[in-house]
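1. Predicted structure and sequence below. I'll ask about it afterward.
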Amino acid sequence: MITIDREGQFDHVAREMLLDRVMGPARFTKSSEVLRRNRRPADGLAFVAFDGNHMIGTVRLWNVTAGNGGSALLLGPLAVEKTYNGSGVGAGLMHAALNAAQTSGHTSVLLVGDPDYYARFGFTADPANGLLMPGHFDRHRFLGINIGNGDALTGATGLLVASGAMAH
């Protein structure tokens, strides 16, 4: 049975092993990683999927400042065990993360990812047009969404900067 829940205190080892299998070492070179490095995910906004006792998916949201657009969240990485691709696990993780972010009062989420995949969740390039990631990034893959009643990213310009709590 597949379950999705908030990441537990002891899930980090299985999560790192899953990310190694799904994404490999290249994940450490991405511009998003610069914003996540040595930071903790946003409070209550890290989710994992299990099939029985086996972790099969993960997603986290991270606190950032989106230039002059103020506080935002950066989503990623979203990773699902390859044998579960197309099963809805990724979509379930996305819905859990976005619903929890909105319930927690956050107003916008950014990510770097496949525009076709993330469009189904409401992500487009428009909200991120005036924003920059640190280091190299693919502009057409830099996406955003305003959640809740706000339009925090509309007209936002500047560089994304990590603003979350430091990891111990």
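-> Nice, I can see it. Numbers count the residues shown, from 1 in each chain.
2. longest strand of the chain?
-> In the chain, assigned by DSSP state E, the strand with the most residues is strand 54-66.
3. Distance of the residue nearest to His106 when sequence neighbours are not counted relative to Trp62?
-> With Cβ to Cβ, 6 or more residues apart in numbering as the criterion, His106 has its nearest non-adjacent residue at 5.4 Å, and that residue is Leu73. Placement of C-beta: from N, CA and C, glycine included. Summarising the geometry, the distance separating Leu73 from Trp62, computed by Cβ to Cβ, to the nearest Å, is 6 Å.
4. Then Ala128?
-> Distance check for Ala128 against Trp62: by Cβ to Cβ, it reads 15 Å.
5. Which of the two has more residues huddled nearby?
-> More crowded of Ala128 and Trp62, by other Cβ atoms under 10 Å: Ala128, with 27 against 23.
6. By mean pLDDT, point me to the weakest helix or strand of this protein.
-> Of all the helices and strands that make up the chain, the one with the lowest confidence by mean pLDDT, DSSP states H and E is helix 31-36; it has a mean of 93.
7. Show me the contact partners of it.
-> The set of residues that contact helix 31-36 without belonging to it, under Cβ atoms under 8 Å, 6 or more residues apart in numbering, is 27, 60, 62, 64, 74, 76-77, 111-112, 133-137, 160-162.
8. next one: stretch 143-157
-> 66-72, 98, 101-102, 105-113, 115, 118, 121-128, 130-131.
9. Of the residues you listed, just the buried ones, PyMOL syntax please.
-> Selection of the buried residues among the contacts of stretch 143-157 in PyMOL, burial being defined by 16 or more other Cβ atoms under 10 Å:
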select buried, resi 66+67+69+72+98+101+106+107+108+109+110+111+112+113+118+121+123+127+128+130+131
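10. Show me what Trp62 bridges to in the sheet.
-> Counting by DSSP bridges, Trp62 forms beta bridges with Leu74.
11. pretty sure Ile56 is touching Val89, no?
-> Yes - in terms of Cβ atoms under 8 Å, Ile56 counts as a neighbour of Val89; the distance is 6.1 Å.
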